[in-house]
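> Build the 3D model from these lines:
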Amino acid sequence: MTATVLERFPAGAPRGSWPAEECAARLRAEGRPASVVMDLKSDAFLVVVPGCDEE
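Reported below is the predicted structural model:
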């Protein structure tokens, strides 16, 4: 399975702020199947949508 990264947000957001989750919620409201994942290597939250596997 592959995914396309739409947005990146640093993990150090102010307390009580969830910008990646808010962005994903807006995209889901528009009908896009967005979710948030953590990229440990870059210490960032990524907003992703499923992509198709290319052969």
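
> Surely Gly16 forms part of a strand?
No. Counting by DSSP: H, G, I helix; E, B strand; the rest coil, Gly16 is not found in a strand; it is coil.

> Next one: it, what pLDDT does it get?
As predicted, Gly16 sits at a pLDDT of 76.

> bridging residues for the residue nearest the centre of the chain?
In the chain, the centroid-proximal residue (C-alpha atoms, centre = their mean) is Val47; its distance is 1.1 Å. Beta-bridge pairing for Val47 (DSSP bridges): Glu7, Val36.

> who are the neighbours in contact with it?
Val47 is in contact with Val5, Leu6, Glu7, Arg8, Phe9, Ala20, Cys23, Ala24, Leu27, Ala34, Ser35, Val36, counting by C-beta atoms under 8 Å, 6 or more residues apart in numbering. Glycine gets a C-beta too; all of them are placed from N, C-alpha and C.

> try 6 Å
By C-beta atoms under 6 Å, 6 or more residues apart in numbering, Val47 lies in contact with Leu6, Glu7, Ala20, Cys23, Ala24, Ala34, Val36.
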